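Visitor: Would you be able to build a 3D model of this:
(one chain, ligands or ions: 2)
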Amino acid sequence: TITKIVARQIFDSRGKPTVEVDLTTGQGMFRAAVPSGKSTGIHEACELRDGDKSMYQGAGVLTVVKNVNEILAPAMLGMDVTKQAEIDQKMIELDGTDNKGKLGANGILAVSMAACRAGAAARGVPLYQHIADLAGNPRPVLPVPSFNVINGGVHAGNALAPQEFMILPVGASGFEEAMRMGTETYHTLRSIIQNKYGLNAVNVGDEGGFAPPIDTFEAALDLLTEAIAAAGYTGKIKIGMDPASSEFFRESGEYDLNFKAATNNGSGRRTSAEMVELYKQLVAKYDVIFIEDPLSEDDWAGFADITRELGSQYEIIGDDLLCTNPKRIQRAIESKACNALLLKVNQIGTISESIKAVQLAKSAGWGVLTSHRSGETADDFIADLSVGLSTGHIKSGAPARSERVNKYNQLIRIEQELGSKAVYAGDNWRFISIS
Ligand code: PGA
Ligand code: ZN
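Guide: Ligands and ions are numbered 1, 2, ... in the order given. Now for the predicted structure:
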């Protein structure tokens with residue numbers, strides 16, 4: 001049972017304040033820290049910030065720390081950490097709002113994650129196994145890593161509008177080999193970019209991917225195709241992309257592919273239908289397997305169009321569209337707006353609700369991609385989460401920078417621990433049942 005909960009303000013990979021919690025039980029102390037997004041969805045649970053402009057440009061989380069220490073902590077003493085649903089329900093009730101805006105989803109999530117770790121220890125099982133048991137998943141599976149090797153959008157200081165270009169070693173025989181293929185291709189890509197664009201083109205963005213001076217989807221996809229071939233992995237490494245298009249959707253109802261250009265003459269404006277047309281051309285030309293947020297977070301009609309056009313062959317993933325929220329997932333299932341869920345625990349704020357979101361998505365035959373945020377910490381919880389929920393793939397940025405790589409490194413440990421029982425998703429990354 002919980003004997004103590006202490007929260008504090010720490011700093012994320014962008015140097016912004018975030019919340020860390022130490023939760024103590026008879027088994028010891030269990031720590032968790034929450035990440036923070038930049039291209040956030042407007043329907044996400046509330047990441048509460050102090051708003052005191054005299055400190056941290058208003059981004060402090062001292063109010064949340066106080067809420068955990070003075071409201072959540074005393075109310076949760078004595079609770080059984082193996083009962084995750086009860087713990088999360090208690091916090092949802094103490095908060096009392098729809099979006100966890102009173103106490104802060106960032107505080108609630110830190111407690112939820114720490115309690116989950118404590119629950120695993122109380123049961124004497126690894127975290128991924130505990131999560132699998134909470135979800136009723138009989139077969140934990142190691143995910144295919146989705147390495148974000150070219151950064152654009154609001155994550156990088158180049159003019160590239162789409163945010164993420166990822167490589168997925170689906171043809172690897174196991175996770176460790178996937179790391180070899182991914183890192184070799186990342187370093188090959190570095191040389192190619194340096195030869196083409198010069199030395200300062202290999203600086204990296206928020207998620208550790210290169211941020212070369214390019215400004216089109218095609219230029220990024222050409223670079224990836226060349227790097228994959230030069231590394232010797234054509235056909236074994238596939239491409240995923242996250243344009244994060246809510247960031248360049250304008251009030252006029254158009255998408256602006258020049259939104260970061262120094263001078264914008266309006267030539268990058270596209271309608272929703274023109275964006276769908278562009279994606280159709282891209283997937284026909286390049287070895288792409290998924291597109292995340294191809295359209296803006298409330299462009300339900302555009303999402304339904306692209307899912308109808310491309311959904312049978314390609315994964316259309318809802319990130320900002322769904323915000324890991326079971327209500328929005330239900331609407332997307334009914335309206336056939338996408339066919340896969342991006343799983344970000346801090347978009348919804350508890351582990352129980354995250355599990356529910358995955359169960360709902362999988363019950364509709366969807367894929368699930370576990371995800372970090374662009375602002376990360378040393379917490380590697382999502383590695384175990386991806387295995388426990390058999391999400392088939394995980395994105396944690398480039399295979400570089402410790403806050404990105406520590407998730408991948410945890411997956412190496414899990415694969416080693418499982419030994420001959422380890423199953424790598426590989427070609428089955430898209431549809432893995434958990435019931
Ligand atoms: P964010 O971006 O963490 O900055 O929101 C990640 C994503 O869009 O997938
Ligand atoms: Zn996204």
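Visitor: What confidence value was assigned to the residue in the chain that ligand 2 sits nearest to?
Guide: Residue nearest to ligand 2 within the chain (C-beta to the ion): Asp319, separated by 3.4 Å. Glycine gets a C-beta too; all of them are placed from N, C-alpha and C. The confidence metric pLDDT takes the value 98 at Asp319.
Visitor: Test my guess that it contacts Lys344.
Guide: Yes. Judged on C-beta atoms under 8 Å, Asp319 makes contact with Lys344 at a distance of 7.3 Å.
Visitor: so what sits against both of those two?
Guide: Overlap between the contact sets of Asp319 and Lys344, as judged by C-beta atoms under 8 Å, 6 or more residues apart in numbering, is given by Ser371.
Visitor: Could you give the backbone dihedrals for the closest residue to ligand 1 within the stretch 151-300 of the chain?
Guide: The shortest separation between the stretch 151-300 of the chain and ligand 1 is 4.4 Å, found at Ala244 (distances taken as C-beta to the nearest ligand atom). Per-residue torsions, Ala244: phi 50, psi 50 (degrees, to the nearest 10).
Visitor: list the contacts for the closest residue to it other than its chain neighbours?
Guide: The shortest distance from Ala244 to any residue that is not its chain neighbour, by C-beta to C-beta, 6 or more residues apart in numbering, is 3.8 Å, and that residue is Gln163. Residues near Gln163 by C-beta under 8 Å, 6+ apart: 39, 151-155, 242-244, 247.
Visitor: can you tell me how far the residue of the stretch 151-300 of the chain closest to ligand 1 sits from Ile291?
Guide: Distance, Ala244 to Ile291, using C-beta to C-beta, to the nearest Å: 11 Å.
Visitor: how about the strands in the stretch 101-250 of the chain?
Guide: Taking DSSP state E, counting those that start in this stretch to define them, one finds strands in the stretch 101-250 of the chain at 144-151, 164-168, 238-242.
Visitor: Need those strands in a markdown table (columns: mean neighbour count).
Guide: Compiled in a markdown table, those are given as follows (neighbours: other C-beta atoms under 10 Å):
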| stretch | mean neighbour count |
| --- | --- |
| strand 144-151 | 29 |
| strand 164-168 | 28 |
| strand 238-242 | 25 |
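Visitor: need those in a markdown table with distance to Tyr279 and mean pLDDT, can you?
Guide: Written out in a markdown table, the entries for those read as follows (distance: least, C-beta to C-beta, whole Å; pLDDT from 0 to 100):
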| stretch | distance to Tyr279 | mean pLDDT |
| --- | --- | --- |
| strand 144-151 | 17 | 98 |
| strand 164-168 | 14 | 99 |
| strand 238-242 | 9 | 98 |
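Visitor: so which of the ones you listed gets nearest Gly182?
Guide: Nearest to Gly182 among the strands of the stretch 101-250 of the chain is strand 144-151; the distance by C-beta to C-beta comes to 4.7 Å.
Visitor: Next, the angle from the closest one to strand 238-242.
Guide: Computed by axes from the mean of the first three to the mean of the last three C-alpha atoms, to 10 degrees, the angle separating strand 144-151 from strand 238-242 equals 60 degrees.
Visitor: How about exporting strand 144-151 as PDB, limited to the C-alpha atoms?
Guide: Below are the C-alpha coordinates for strand 144-151, written out as PDB (Å, rounded to 0.1, in the frame of the first residue of the first chain):
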ATOM      1  CA  VAL A 144       9.100  -2.200 -34.100                       C
ATOM      2  CA  PRO A 145      11.000   1.100 -33.400                       C
ATOM      3  CA  SER A 146       9.900   4.100 -35.500                       C
ATOM      4  CA  PHE A 147      13.000   6.300 -35.500                       C
ATOM      5  CA  ASN A 148      12.300  10.000 -36.300                       C
ATOM      6  CA  VAL A 149      15.500  10.800 -38.300                       C
ATOM      7  CA  ILE A 150      14.400  14.000 -40.100                       C
ATOM      8  CA  ASN A 151      12.800  16.700 -38.000                       C
END
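Visitor: picking that back up, who has more neighbours out of Ala244 and Ile291?
Guide: Ala244 (27 against 24; other C-beta atoms under 10 Å).
Visitor: ok, now which ones touch whichever residue of the chain sits closest to ligand 1?
Guide: Here the chain gets closest to ligand 1 at one residue, Gly37, 2.8 Å apart by C-beta to the nearest ligand atom. Each residue near Gly37 by C-beta under 8 Å, 6+ apart is listed here: 44, 344, 346-347, 373-375.
Visitor: if we can go back for a sec, and the strands of the stretch 101-250 of the chain as a markdown table, adding distance to ligand 1?
Guide: Compiled in a markdown table, those are given as follows (distance: least, C-beta to the nearest ligand atom, whole Å):
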| stretch | distance to ligand 1 |
| --- | --- |
| strand 144-151 | 9 |
| strand 164-168 | 7 |
| strand 238-242 | 5 |
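Visitor: As a check, name the ranges of all helices in the protein.
Guide: Using DSSP state H, the helices of the chain run over residues 62-67, 73-76, 84-95, 105-123, 127-135, 175-197, 217-230, 272-285, 300-310, 326-335, 345-348, 351-363, 381-388, 402-418.
Visitor: All good on my end, thank you.
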